[in-house]
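A.B. asks: Give me coordinates for this.
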Amino acid sequence: MEPITINITILKPIRQVWDYFYDAKHIVKWNFTTTNWHCPKAFIDFREGGRFDYRLEYKDKSFGYNFSGVIDEIKELEYVKSHMDDGRKIEVIFRKIDENATEVIQVFEAEEQYSREMQRTGWYAILDRFHKYVEKN
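C.D. replies: Numbering: from 1, shown residues only. Down below sits the predicted model:
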């Protein structure tokens with residue numbers, strides 16, 4: 001199945017965007033789709049071979065899941081390739097537009113349980129929340 005690609009431009013320097021994307025203290029503040037959700041816990045051992053594990057759940061605790069896997073390759077300020085525990089691959093690419101603008105591109109393999117459009121919408125909602133969080137801080 002063809003991977004899904006989403007992207008967004010953030011009006012902040014690439015270093016700040018990179019740091020906010022991979023620091024657990026920031027991840028818990030933006031890694032969810034809507035205000036009904038939250039990310040109460042985030043763990044990341046940010047190195048090749050390191051694990052990540054983010055807990056996403058409804059604020060009322062009626063449903064939740066862990067988004068977890070292993071980091072496969074890191075090229076500082078350029079990209080991170082990883083795979084989730086179910087084997088699906090994710091690549092996050094950071095492209096410096098200028099000193100105060102960065103494009104973030106996410107390429108991920110879709111799961112079979114949900115439609116591609118639903119997955120694109122959900123992942124984009126999280127990326128947009130990240131964008132807003134970074135630009136406000």
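
A.B. asks: show me where the protein has strands.
C.D. replies: 4-10, 37-44, 51-58, 64-75, 79-84, 89-98, 101-108 (DSSP state E).

A.B. asks: and residue 82, bridged to which residues?
C.D. replies: residue 71, residue 90 (DSSP bridges).

A.B. asks: my guess is it contacts residue 90, does it?
C.D. replies: Yes: between residue 82 and residue 90 a contact is recorded at 5.2 Å, counting by Cβ atoms under 8 Å. For the C-beta atoms, the positions are set from N, CA and C on the backbone; glycine is no exception.

A.B. asks: residues shared between the contacts of those two?
C.D. replies: residue 69 (Cβ atoms under 8 Å, 6 or more residues apart in numbering).

A.B. asks: thought residue 108 was touching residue 88?
C.D. replies: Yes: with contact defined as Cβ under 8 Å, residue 108 reaches residue 88; the gap is 6.7 Å.

A.B. asks: which one of the two has more residues nearby?
C.D. replies: Ranked by neighbour count (other Cβ atoms under 10 Å), residue 108 and residue 88 place residue 108 first, with 19 against 15.

A.B. asks: returning to what we had before: do you know which of the strands of the chain lies nearest residue 136?
C.D. replies: strand 4-10 (11.0 Å; Cβ to Cβ).
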